[in-house]
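Colleague: Need a 3D model of the following:
(2 chains)
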Protein chains: 2
Amino acid sequence: MPPDRPDFHGMSLHAEIRTLGDQALAASRLMINLSSRRKNAILAAMAQELSDRRAEIQAANVLDIAAAQTAGLAAAMVDRLTLTTARIDAMIQGVREVAALPDPVGKRLSKSVRPNGLVIEKRRVPIGVVAIIYESRPNVTADAAVLCIKSSNAVILRGGKEAFYSNQAIAAALAEGGQKAGLPLHAVQLIATTDRDAVRHLVQMDDRVDVVIPRGGESLIRAVVEQSRVPVLKHYKGVCHVFVDQAADLDMALQIIENAKCQRPGTCNAAETLLVHAAIAPAFLPRLAEMCVRRQVEVRADEASRQIVPAFLAASEEDWYAEYLELILAVRIVPDLAAAMAHINRYGSRHSDAIVTQDERHAKQFLQEVDSAAVFVNASTRLHDGYEFGLGAEMGISTDKLHARGPMGLEELTTYKYLVRGTGQVRK
Amino acid sequence: MPPDRPDFHGMSLHAEIRTLGDQALAASRLMINLSSRRKNAILAAMAQELSDRRAEIQAANVLDIAAAQTAGLAAAMVDRLTLTTARIDAMIQGVREVAALPDPVGKRLSKSVRPNGLVIEKRRVPIGVVAIIYESRPNVTADAAVLCIKSSNAVILRGGKEAFYSNQAIAAALAEGGQKAGLPLHAVQLIATTDRDAVRHLVQMDDRVDVVIPRGGESLIRAVVEQSRVPVLKHYKGVCHVFVDQAADLDMALQIIENAKCQRPGTCNAAETLLVHAAIAPAFLPRLAEMCVRRQVEVRADEASRQIVPAFLAASEEDWYAEYLELILAVRIVPDLAAAMAHINRYGSRHSDAIVTQDERHAKQFLQEVDSAAVFVNASTRLHDGYEFGLGAEMGISTDKLHARGPMGLEELTTYKYLVRGTGQVRK
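Modeller: Prediction:
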């Protein structure tokens, strides 16, 4: 395993993190003046440097893999950690795709001329300093950093200890490659210690860090929110629902729940609970059971459902709150739309919820009253995604209501300010 | 003084506050379905009820004034607390003005059709439950509540103990008046205890409260941020600057600094520090000194300024950080634009900062590089205001960068969600 504090020079950890913050703040002030063309050249140079340093990055990755195997990590974890040639290719391709996205910075959001002649513009500007705290997969180092750079922010990265050496190799390639094309020094920094206190110092530094984005399991995110004085953009979990209404097309319903549950069950927008209108349950649940057997999905159902399909296991109250992230589906019969929405608003996580219905009035009511970041009619919850929405690469999905809700892409990494021009106007 | 916990029924304070949260959440779900016409009728009924209950409100206010005098509060504090007939008129007029503002809820922010036929709309929706924590002036009870209702949010109010009885009388009029016109029960609630722990319970209730807006002194706001698990919209203080550039029109500069400092020195957008380009300081500072004598402004200046005007007092390092909120002005000579911006970005509070210049290049650079919510060229910082910006009534000014920056009006009390319609689309 990596040393706890390999890279610092006798400073206290607190002082070390504050120094990173000072450096990031200084870099962020320089980032403001970078043109789109300059930023795209920087991203191209980053991609080139990643490509040139493949051997170095893979050698660092071997160190992490060896440490993971020594520590007895599960094979699936080791697999996620591993940077194959194809994954490095994809990471480099991802950098190039972000370069190709439109630049959100500088865009005019509104302009008005007041009766006293004052000209007021509202324009998109970078947030400033973004801190990203993440676990496991080392490619996040590149994915997250380039979104921050493209939106003219400085970034402080804090990766998981399993990918310690890989993250350092990737971050060094990004920073040094970027600098060859004019990236300010310290615009991309990685915290080079696995000491857990570093996170606390980072997220309490509200005079230097403007936003914290944690990516990972619920316990990581709760710990960050608990400690942070800086605003946090996040989702805790994705307890996503599909409601099959009385007026549903049952073939469509079956395809949607199969996709929402099975297409990639470990993701936050996969469905965890299926709600079924009582009137169509006798027709629908046997077909669901067949699909679940075929796709090896374990079903945990309420008593009413088990009377229709006795092979379903019994659900407990905890199942309605559960984010399984695997091939398990909770199933419940509800008497009507109102009961379905009440279930979702009570047990859900405000992430992605869908209704399958041919009843336009029900569709409208569901869209209006379900309080989630994305609400779907006759489509899979798995479609809640920056690419699927046409927004491009994203930093994750937010279930917060402030600033960013849903996919967090380039626009969500900006803020705005008011630019006011006068000719001597004063307040009367 | 009011009793610590007058209105509860043997529940623990924690349980009491959670009950308010449950009730607010339930009300917020009903608020989603109110039409603009219904909300305007509710606001009209609130205004009418405030008018009908003048005698009751003023009687409650007399109790607060008596308590304040017994407690020996300063005359200025007692004055701020007092609800004269004119102030009640203004409060009622304020409610009617909010009714006349456009409804932000439901507005479509974007719409796209994806290659797979998915139709994706992004629409403004209410945030949900808003908590407002404020001090002193009782009219804030009405001002804040009606902005929340107009934007279809439920609100939990927590006023200062000095206005305890006045706030209760106003909140009761709003809630009961509103209900006559169809406002859901518990959409407007006031915490009827002065126990300080109530605030802690309120701001840690992140499963029921979506945003906290504290209004008051810096210590109140820091305490809220320290304790909160709910996102907070705020400004700590307003350390606003005017920079008089070498190429300034000195008559204009003098008018702007006089207005920014003196027009209402107790406000967050009043100027606290004047920066003067070294090249025009010998011409400008004597004129400034004359104005400051005439307007009774105390000047605390750096050594270079005092060599030009020896009557200026000496500034210390603390003066550059100070939010005086009274007729005191810090003055410093700077060698150039870069030094002025470095001073502002170092000592400022990212609130409102102005340059006075005829140099278009300098104006652009100042607008771009000064990292404040509103940046002014040739205009007074006092103009940073929802009404002056043409946005209507506001909840205050935010110096945060996430969600709301600058005036917090009706739009800033909304969020958005994605409404997605398909015909059976799934993720490939």
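Colleague: Can you point out the buried residues in the host helix or strand of residue A:166?
Modeller: Per DSSP states H and E, residue A:166 falls inside helix A:164-180. Judged by neighbour count (16 or more other C-beta atoms under 10 Å in any protein chain shown), helix A:164-180 contains these buried residues: A:164-175, A:177-179. Every residue, glycine included, has its C-beta placed from N, CA and C.
Colleague: quick one: contacts of the longest strand belonging to chain A?
Modeller: In chain A, with assignment by DSSP state E, the single longest strand is strand A:414-425. With C-beta atoms under 8 Å, 6 or more residues apart in numbering or on different chains as the contact definition, strand A:414-425 has outside contacts at A:104-105, A:109, A:116-127, A:151-152, B:249, B:252, B:255-256, B:363, B:367, B:371-380, B:383-384, B:389, B:401-402, B:405-406.
Colleague: I'd like to check which residues are in contact with residue A:34.
Modeller: A:42, A:152, A:182.
Colleague: swap in residue A:42?
Modeller: So residue A:42 contacts A:34, A:149, A:178, A:181, A:182, A:183 (C-beta under 8 Å, 6+ apart).
Colleague: Residue A:155 is in contact with the second one, correct?
Modeller: Pointing back at residue A:149 there. Yes. Judged on C-beta atoms under 8 Å, residue A:149 makes contact with residue A:155 at a distance of 7.2 Å.
Colleague: In the stretch 101-250 of chain A, what residue lies closest to chain B?
Modeller: residue A:231 (4.5 Å; C-beta to the nearest C-beta).
Colleague: Now the common contact residues for residue A:149 and residue A:155.
Modeller: Joint contacts of residue A:149 and residue A:155 (C-beta under 8 Å, 6+ apart) are A:187, A:188.
Colleague: Got the phi and psi for the residue nearest to residue A:383 when sequence neighbours are not counted?
Modeller: The shortest distance from residue A:383 to any non-neighbouring residue, by C-beta to C-beta, 6 or more residues apart in numbering or on different chains, is to residue B:427 (5.6 Å). Backbone geometry at residue B:427, expressed as degrees, to the nearest 10, gives phi -80, psi 130.
Colleague: What of residue A:376?
Modeller: phi -120, psi 140.
Colleague: Apart from its neighbours in sequence, what residue is nearest it?
Modeller: residue A:354 (3.8 Å).
Colleague: repeat for residue A:184
Modeller: Closest to residue A:184 by C-beta to C-beta, 6+ apart is residue A:30, at 4.0 Å.
Colleague: pretty sure the one you found belongs to a helix, no?
Modeller: Yes. According to DSSP: H, G, I helix; E, B strand; the rest coil, residue A:30 belongs to a helix.
Colleague: distance of it from residue B:337?
Modeller: Residue A:30 sits 16 Å away from residue B:337, going by C-beta to C-beta, to the nearest Å.
Colleague: next one: residue A:57
Modeller: 43 Å.
Colleague: List phi and psi for the closest residue to residue A:215 other than its chain neighbours.
Modeller: Using C-beta to C-beta, 6+ apart and skipping residues adjacent in sequence, the residue nearest residue A:215 is residue A:134, 4.2 Å away. Dihedral angles phi and psi of residue A:134 (degrees, to the nearest 10) take the values phi -140, psi 170.
Colleague: so residue A:332 sits in a strand?
Modeller: Yes. Counting by three-state DSSP, residue A:332 is found in a strand.
Colleague: OK, contacts around it?
Modeller: By C-beta under 8 Å, 6+ apart, the contact set of residue A:332 is A:273, A:274, A:275, A:276, A:301, A:302, A:304, A:305, A:315, A:320, A:343.
Colleague: ok, what's across the strand from the fifth one?
Modeller: Bridge pairing for residue A:301 (DSSP bridges) gives the partners residue A:314, residue A:331.
Colleague: Look at the residue nearest to residue A:383 and report its pLDDT.
Modeller: The model reports residue B:427 with a pLDDT of 97.
Colleague: Could you report the separation of it from residue B:421?
Modeller: For residue B:427 relative to residue B:421 (C-beta to C-beta), the value is 16 Å.
Colleague: likewise residue A:48?
Modeller: For residue A:48 relative to residue B:421 (C-beta to C-beta), the value is 42 Å.
Colleague: again, but for residue A:67
Modeller: 48 Å.
Colleague: same check, this time on residue A:175
Modeller: 44 Å.
Colleague: Where does the stretch 151-300 of chain A get nearest to chain B, residue-wise?
Modeller: residue A:259 (3.6 Å).
Colleague: whoops, I mixed them up, the stretch 251-400 of chain A
Modeller: residue A:379 (3.1 Å).
Colleague: tell me the SS of residue A:311?
Modeller: Under three-state DSSP, residue A:311 comes out as coil.
Colleague: contacting residues for it?
Modeller: residue A:289.
Colleague: Quick check: it vs residue A:295, distance?
Modeller: From residue A:311 to residue A:295 the distance is 15 Å (C-beta to C-beta).
Colleague: try residue A:190
Modeller: For residue A:190 relative to residue A:295 (C-beta to C-beta), the value is 40 Å.
Colleague: can you put the contacts of residue A:42 in JSON lines and add pLDDT and distance to residue A:239?
Modeller: Formatted as JSON lines, those follow (pLDDT from 0 to 100; distance: C-beta to C-beta, whole Å):
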{"residue": "A:34", "pLDDT": "97", "distance to residue A:239": "41"}
{"residue": "A:149", "pLDDT": "98", "distance to residue A:239": "34"}
{"residue": "A:178", "pLDDT": "98", "distance to residue A:239": "39"}
{"residue": "A:181", "pLDDT": "98", "distance to residue A:239": "43"}
{"residue": "A:182", "pLDDT": "97", "distance to residue A:239": "45"}
{"residue": "A:183", "pLDDT": "98", "distance to residue A:239": "40"}
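Colleague: of those, closest to residue A:348?
Modeller: Distance to residue A:348, by C-beta to C-beta, is smallest for residue A:149 among these, at 34.8 Å.
Colleague: Just the element for the closest one, please.
Modeller: With DSSP H and E as criterion, residue A:149 is part of helix A:139-150.
Colleague: Only alpha carbons, please: show the helix or strand just after that helix as CSV.
Modeller: Following helix A:139-150 in sequence order, the next helix or strand is strand A:154-158 (DSSP H and E). What follows is strand A:154-158, C-alpha atoms only, in CSV (Å, rounded to 0.1, in the frame of the first residue of the first chain):
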residue,chain,number,x,y,z
ALA,A,154,-8.9,25.1,-11.1
VAL,A,155,-9.3,21.6,-9.7
ILE,A,156,-8.1,19.8,-6.6
LEU,A,157,-8.4,16.0,-7.0
ARG,A,158,-8.6,13.5,-4.2
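Colleague: Does anything pack onto strand A:154-158? Which helices or strands?
Modeller: helix A:13-31, strand A:129-134, helix A:139-150, strand A:188-190, helix A:197-203 (3 or more C-beta pairs under 8 Å, 6 or more residues apart in numbering or on different chains; DSSP states H and E).
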